[in-house]
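Undergrad: Show me the folded form of this:
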Amino acid sequence: MKVYCDCTNFYGVNILDDRIYEKRLDPLATLDKGLPVHRTHHDEKEECEKNSIVIARTPFQRDKDRIIYSKAFRRLIHKTQVCFMGEMKEHIRTRLTHTLEVSQIARSIARQVHANEDLVEAIALGHDLGHTPFGHTGEKVLNDFLTGKDEGIRTKLLKMYGFDIKENGLSFKHNFQSVRVLNVLEEGYKEFEGLNLTDAVLEGILKHTKLESNDQLIVYEGINDYQAFHIEQNFSCSLEGQIVALADEIAQVCHDIEDAIEGNYDSKDIICSQLGSLTSKFDINCLVKDEVKEMIATNQIKYVISCIISTVISEAVVKINKNMADLNKRGLKAEYLNEDIATEKSVLKYNELYQELKEIEENFVINNYMIDRMNGKSRFVLRQIMKAYLTNPKQLPDHVLESYTKVCSVQILKQKIITVDSAPANIRYLNKDYFEKHKPSIIKDRAFLRLMSDYVASMTDFYALQEFQKLYGGNSI
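TA: Down below sits the predicted model:
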């Protein structure tokens with residue numbers, strides 16, 4: 001019998017024995033062995049821990065821990081979920097609290113359908129690490145910039161450098177960026193780039209949302225052509241990845257509505273009225289219809305939303321179990337799940353309660369006056385920051401320019417950079433005339449544009465506002 005550590009329960013049974021652990025998993029659940037736990041690099045630490053009698057972690061528990069201890073995870077605390085939290089109430093959700101809530105919902109669903117909870121948790125905790133400052137507005141700003149849809153910046157580049165950014169074929173989306181953060185940008189774990197996570201975790205993160213933008217497949221270097229990601233399938237190849245995508249949608253819709261009420265948006269009264277109508281129309285777990293109006297009036301919103309989420313999750317679990325039972329009858333296994341059985345499309349598409357909640361969110365939360373103003377402000381700030389970097393790349397910090405030295409694809413320039421008497425090599429210290437001569441080549445370089453986008457995407461809301469102030473403000477430098 002294979003044992004990870006000397007760890008027994010009350011009855012003296014080793015709870016980490018492979019056979020006992022796997023027995024409680026559904027045949028469609030992902031096991032802690034085989035192709036799903038493949039890592040790009042050999043992991044000596046993992047091998048060492050397998051033989052330890054003190055520490056025992058499954059591969060996916062190990063991935064979860066690496067994500068939690070990453071810098072990108074810590075930055076989520078100051079990134080917008082829906083409305084910029086710095087100018088509103090601290091009780092409004094941030095990208096970090098949203099991530100924790102997605103993890104909780106996903107684990108709850110996974111436990112009820114006998115999926116691999118460790119894998120679900122790792123995917124959930126890492127799913128939004130690639131998000132920009134200011135939420136989806138920042139994501140759109142970066143994608144419009146890289147694809148050339150931002151006509152203002154595109155025209156500026158054509159005028160200054162004779163360069164059409166559309167020709168580079170670059171794009172931006174937060175799920176691809178999350179994988180890039182974990183595979184490339186996080187540093188210091190070992191001599192290789194990234195955190196060396198398992199394929200199943202990365203694939204689930206990549207596919208927690210759409211792979212397309214405006215019906216065009218997003219293309220990222222080193223991601224689209226990685227076979228284990230099965231980019232041809234736009235939903236996760238694991239039951240666990242599909243569960244996280246579902247949990248993300250449930251958390252987002254329900255909690256955005258709660259935040260709009262907590263933040264006292266100008267549409268608060270409309271939203272409360274809509275909730276009252278909704279709860280009178282549907283049977284909600286633990287809610288007495290005649291009492292809901294009074295509960296909303298006396299600020300018991302959290303309880304009302306909690307009951308609604310509970311109902312949506314319960315109905316989702318019933319549907320997932322039915323879908324899984326159908327597949328189990330056909331004898332399908334979890335190695336490569338090519339059936340959509342647990343995503344929003346397969347589980348919530350015909351759920352009338354969820355669909356009406358989503359309509360409330362889209363009409364009265366996302367279209368809110370305060371949200372629109374903050375979106376306009378954040379779009380302006382990020383565009384101005386990027387314009388400054390494109391006008392003079394030396395305004396980027398040293399760590400970005402030093403990273404560019406490693407990936408610069410302009411060979412004549414790269415050879416010149418490494419001869420500069422600085423450690424590490426940095427384009428900042430090139431001869432002024434030489435730098436100006438080759439500045440168009442730098443701006444046109446795909447590697448430079450990607451690194452610049454990485455840096456902007458990594459910013460928190462507060463950092464972006466401070467950077468804008470330093471670039472365009474008064475005395476602060």
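
Undergrad: Could you tell me how many residues sit around residue 262?
TA: Using other Cβ atoms under 10 Å, residue 262 has 19 other residues around it. All C-beta spots, glycine's among them, are computed from the backbone N, C-alpha and C.

Undergrad: Wait, it touches residue 92, no?
TA: Yes. Contact criterion Cβ atoms under 8 Å: residue 262 and residue 92 qualify, at 6.5 Å.

Undergrad: Show me the shaky parts of the stretch 251-400 of the chain.
TA: For the stretch 251-400 of the chain, applying pLDDT under 70 flags the ranges 334.

Undergrad: which residue ranges form the helices in it?
TA: 268-281, 289-297, 301-329, 344-347, 352-360, 369-391, 398-407 (DSSP state H, counting those that start in this stretch).

Undergrad: got the ones you listed as CSV, with distance to residue 430 columns?
TA: Putting those into CSV (distance: least, Cβ to Cβ, whole Å) gives the following:
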stretch, distance to residue 430
helix 268-281, 55
helix 289-297, 63
helix 301-329, 56
helix 344-347, 50
helix 352-360, 52
helix 369-391, 17
helix 398-407, 10
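
Undergrad: Any idea which of those helices gets closest to residue 194?
TA: Closest to residue 194 of these is helix 398-407 (Cβ to Cβ; 13.6 Å).

Undergrad: quick revisit: ok, and which of the helices of the stretch 251-400 of the chain has the densest surroundings?
TA: helix 344-347 (a mean of 20; mean count of other Cβ atoms under 10 Å).

Undergrad: Could I get the phi/psi values of the residue nearest the centre of the chain?
TA: Geometric centre of the chain, nearest residue: residue 128, 1.7 Å, by Cα atoms, centre = their mean. Backbone geometry at residue 128, expressed as degrees, to the nearest 10, gives phi -110, psi 20.

Undergrad: Kindly report the same for residue 212.
TA: Backbone geometry at residue 212, expressed as degrees, to the nearest 10, gives phi -110, psi 160.

Undergrad: ok, it - contacts?
TA: By Cβ atoms under 8 Å, 6 or more residues apart in numbering, the contact set of residue 212 is 218, 234.

Undergrad: Got the confidence number for it?
TA: Here the pLDDT value assigned to residue 212 is 93.

Undergrad: Please name the bridge partners of it.
TA: Beta-bridge pairing for residue 212 (DSSP bridges): residue 217.

Undergrad: circling back: just tell me which of the helices of the stretch 251-400 of the chain ends up closest to residue 176.
TA: helix 398-407 (17.3 Å).

Undergrad: Report all helices and strands that the following helix or strand past that closest one contacts.
TA: Where DSSP states H and E defines the elements, the next helix or strand beyond helix 398-407 is helix 411-417. In terms of contacts (3 or more Cβ pairs under 8 Å, 6 or more residues apart in numbering; DSSP states H and E), helix 411-417 is packed against helix 432-444.

Undergrad: Let me see the domain layout of this protein.
TA: Listed by automatic domain parsing, the domain ranges of the chain are 58-391, 393-472.

Undergrad: of all the helices of the stretch 251-400 of the chain, which lies closest to residue 153?
TA: Taking Cβ to Cβ, helix 369-391 is the member of these nearest to residue 153, at 6.7 Å.

Undergrad: Show me the contact partners of the closest one.
TA: Outside helix 369-391, the residues within contact range by Cβ under 8 Å, 6+ apart are 80, 82-84, 87-88, 132-135, 137-138, 140-142, 145, 150, 152-153, 156-157, 160, 263, 265-267, 365, 395-396, 443, 452, 456, 461, 464-465, 467-468, 471-472.

Undergrad: re the thing from before, residue 38: which of the helices of the stretch 251-400 of the chain is closest?
TA: Across the helices of the stretch 251-400 of the chain, residue 38 has its closest neighbour in helix 301-329 (23.8 Å, Cβ to Cβ).

Undergrad: what angle sits between the closest one and helix 289-297?
TA: 120 degrees (axes from the mean of the first three to the mean of the last three Cα atoms, to 10 degrees).

Undergrad: Give me the distance between helix 301-329 and the centre of its chain.
TA: 23 Å (Cα atoms, centre = their mean, to the nearest Å).

Undergrad: Could you pull out the buried residues of stretch 140-154?
TA: 140-150, 153-154 (16 or more other Cβ atoms under 10 Å).

Undergrad: Output the helix or strand harbouring residue 122 as PDB, restricted to C-alpha atoms.
TA: According to DSSP H and E, residue 122 maps onto helix 117-126. Taking C-alpha atoms only, helix 117-126 is exported to PDB below (Å, rounded to 0.1, in the frame of the first residue of the first chain):
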ATOM      1  CA  GLU A 117     -11.600  19.300  -4.700                       C
ATOM      2  CA  ASP A 118      -7.800  20.000  -4.700                       C
ATOM      3  CA  LEU A 119      -7.800  20.600  -8.500                       C
ATOM      4  CA  VAL A 120     -10.900  22.700  -8.300                       C
ATOM      5  CA  GLU A 121      -9.400  24.900  -5.600                       C
ATOM      6  CA  ALA A 122      -6.100  25.400  -7.500                       C
ATOM      7  CA  ILE A 123      -7.900  26.400 -10.700                       C
ATOM      8  CA  ALA A 124     -10.200  28.800  -8.800                       C
ATOM      9  CA  LEU A 125      -7.400  30.500  -6.900                       C
ATOM     10  CA  GLY A 126      -5.400  31.100 -10.100                       C
END
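
Undergrad: Return the distance of it from the chain's centre.
TA: Mean-position distance between helix 117-126 and its chain equals 12 Å (Cα atoms, centre = their mean).

Undergrad: Could you identify the helix or strand that succeeds it?
TA: Per DSSP H and E, the first helix or strand lying C-terminal to helix 117-126 is helix 135-147.
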